[in-house]
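Student: Please work out how this folds:
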Amino acid sequence: MLNLEQNGITDWDELAEFRVLKDFNRLIINKNLIKHITQKSGFNSLEVISIEDNPFLTGNQSINSTNLAKQLQDNSDKQRK
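Tutor: Numbering: from 1, shown residues only. Presented below is the predicted three-dimensional model:
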């Protein structure tokens with residue numbers, strides 16, 4: 001688990017360095033300043049992401065439009081097997 005709550009993170013790209021961590025299954029980025037999530041390769045073991053209280057989802061973007069939600073579900077399913 002990595003808790004980056006209330007760290008003033010403004011861009012999803014600031015989290016890119018963490019996407020290669022092994023056994024990294026939970027990310028908490030509540031109460032930051034992230035406006036957009038873009039799909040990035042990696043985050044292969046991430047199962048849960050907490051994104052509350054960010055100025056998110058401007059326009060038509062949603063977590064589902066990035067395919068991140070599907071990846072999280074797929075990773076979670078793999079861990080259960």
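Student: okay, CA-based contacts and neighbour counts for the rest of this
Tutor: Noted.
Student: give me the element Ile49 is part of.
Tutor: strand 48-50 (DSSP states H and E).
Student: Can you report phi and psi for Trp12?
Tutor: phi -60, psi -30 (degrees, to the nearest 10).
Student: I'd say it and Leu33 touch.
Tutor: No. Trp12 is not in contact with Leu33 according to CA atoms under 8 Å; the separation is 9.6 Å.
Student: sorry, back to before: listing partners with orientation, what would you give for the strand holding Ile49?
Tutor: strand 26-28 (parallel) (DSSP bridges).
Student: Averaged pLDDT, the strand it pairs with. What do you get?
Tutor: Averaged over strand 26-28, pLDDT sits at 91.
Student: Stretch 53-68 now?
Tutor: Computed over stretch 53-68, the average pLDDT equals 62.
Student: that older thread, what does the strand holding Ile49 contact?
Tutor: Asn25, Arg26, Leu27, Ile28, Ile29, Asn30, Leu72 (CA atoms under 8 Å, 6 or more residues apart in numbering).
Student: Could you count how many residues lie near Asn32?
Tutor: 21 (other CA atoms under 10 Å).
Student: Tell me how far the residue nearest to Val20 when sequence neighbours are not counted lies from Asn25.
Tutor: What sits nearest to Val20 in space, not counting adjacent residues and going by CA to CA, 6 or more residues apart in numbering, is Gly42, at 5.9 Å. Separation of Gly42 from Asn25 (CA to CA, to the nearest Å) stands at 12 Å.
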